[in-house]
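**Q** the sequence isn't on hand, but the structure is:
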Ligand code: MF3
Ligand code: CO
Ligand code: CO
């Protein structure tokens, strides 16, 4: 399958799906607190998506995933499964929300601090945001995906962190995961050139220690091999005629 170019009608639906996904992350922020379980966060998001937004949480039953959002803590890298674990002081948490509305997907995630983070945790989370932000701001027709990966990798490594290789961003639209794969590392000038109308995610996973990961026996939760902290942020992006639009941007964010 080639990389799809969305029509103006499809782009309007992608805008709606992206806005709804962003609104879930805004809505859930006040519920992220010490003592709350990740299952409770899942339940609140599920109800908001299905009852308030009349939309569908894409993760639920996706390849057998059992919950409506991903909640990924501390040395976990991605695809954490909500459960009875209570949030505690010092945790760092990623919540990843994907909604389907009128057949189109919006996919976004953000980090939360529970209480005051360690200096290293704050630096990791801020670096991961900045890496994503730099890559997004470079998006325009003609940019090669290798350029985008290189921006993320060179910034993360300049801060002495490492980029996870096994998981990547992705085209998105009618399908949750479409072509192309959007690697968060790479060489300038390599990979496909972007065209207006493409929609894809940028979602770097950055580790405080080594880049290596392993999969837990639950077959979903990915963790760092060395148990170092990991952070991730994600947005869904549209390539426009002269740059980009962040379909999942929240009001507190600015691009560039
Ligand atoms: N939202 C994740 C992504 O960014 C995918 C989660 S798949 C799931 O691509 F099954 F774990 F939900
Ligand atoms: Co994604
Ligand atoms: Co996601």
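**A** Yes, it's here. None of these values were measured; they are calculated from a predicted model. Ligands and ions are numbered 1, 2, ... in the order given.
**Q** quick one, what contacts residue 44?
**A** Going by C-beta atoms under 8 Å, 6 or more residues apart in numbering, residue 44 touches 27, 28, 31. Yep, even glycine has a C-beta here, placed from its N, CA and C like the rest.
**Q** residues in contact with the second one?
**A** To tie it back to what came earlier, the one meant is residue 28. Applying C-beta under 8 Å, 6+ apart, we find residue 28 in contact with 41, 44, 45, 48, 95, 97.
**Q** what strand or helix carries the third one?
**A** Think residue 45. Using DSSP states H and E, residue 45 maps to helix 38-47.
**Q** and for the helix or strand following that helix, what's in contact with it?
**A** The helix or strand immediately downstream of helix 38-47 is strand 56-57, counting by DSSP H and E. If you take C-beta under 8 Å, 6+ apart as the criterion, strand 56-57 is touched by 45, 46, 49, 50, 68, 69, 97, 98, 99, 100, 101.
**Q** also stretch 210-218?
**A** Contact with stretch 210-218 is made by 77, 81, 162-167, 207, 221-226, 228, as judged by C-beta under 8 Å, 6+ apart.
**Q** in ChimeraX, how would I select just the buried ones from the residues you listed?
**A** To isolate in ChimeraX the members of the contacts of stretch 210-218 that are buried, counting by 16 or more other C-beta atoms under 10 Å, one can use:
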select :77,81,162,163,164,167,207,221,222,223,224,228
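**Q** show me which of the contacts of stretch 210-218 is closest to residue 110.
**A** Nearest to residue 110 out of those is residue 77 (C-beta to C-beta; 15.4 Å).
**Q** which secondary structure state does residue 126 sit in?
**A** Classification of residue 126 using DSSP: H, G, I helix; E, B strand; the rest coil returns helix.
**Q** roughly how far does it sit from residue 77?
**A** Separation of residue 126 from residue 77 (C-beta to C-beta, to the nearest Å): 18 Å.
**Q** what of residue 128?
**A** Counting by C-beta to C-beta, the gap from residue 128 to residue 77 is 11 Å.
**Q** overlap in contacts of these two?
**A** Common neighbours of residue 128 and residue 77, using C-beta under 8 Å, 6+ apart, are 205, 232.
**Q** tell me which element the residue nearest to residue 53 when sequence neighbours are not counted falls in.
**A** Using C-beta to C-beta, 6 or more residues apart in numbering and skipping the chain neighbours, the partner closest in space to residue 53 is residue 20 (5.0 Å). In this structure, residue 20 sits in helix 8-28 according to DSSP H and E.
**Q** list the buried residues in that helix.
**A** Going by neighbour count (16+ other C-beta under 10 Å), the buried part of helix 8-28 is 10-11, 13-25, 27-28.
**Q** now that helix, how far from the chain's geometric center?
**A** In terms of C-alpha atoms, centre = their mean, to the nearest Å, the centre of helix 8-28 is found 14 Å from the chain centre.
**Q** anything in it near ligand 1?
**A** No - looking at helix 8-28 against ligand 1 by C-beta under 6 Å from any ligand atom, there are no contacts, and the closest approach is 9.5 Å.
**Q** I'd say residue 11 and residue 173 touch.
**A** No - counting by C-beta atoms under 8 Å, residue 11 stays clear of residue 173, with 9.7 Å between them.
**Q** now do the shared contacts for these two.
**A** By C-beta under 8 Å, 6+ apart, the residues touching both residue 11 and residue 173 are residue 199.
**Q** residue 111 versus residue 177, what's the distance?
**A** In this view, residue 177 and residue 111 are 22 Å apart by C-beta to C-beta.
**Q** nope, residue 221 is what I was after
**A** Distance of residue 221 to residue 111, computed by C-beta to C-beta: 17 Å.
**Q** just residue 250 next, same as before
**A** For residue 250, the distance to residue 111 (C-beta to C-beta) stands at 13 Å.
**Q** quick one, which of these two is more surrounded?
**A** residue 111 (19 against 15; other C-beta atoms under 10 Å).
**Q** count the neighbours of the closest residue to that one other than its chain neighbours for me.
**A** Spatial nearest neighbour of residue 111, chain neighbours left out: residue 125 (4.8 Å); criterion: C-beta to C-beta, 6+ apart. Other residues near residue 125 number 22, with proximity taken as other C-beta under 10 Å.
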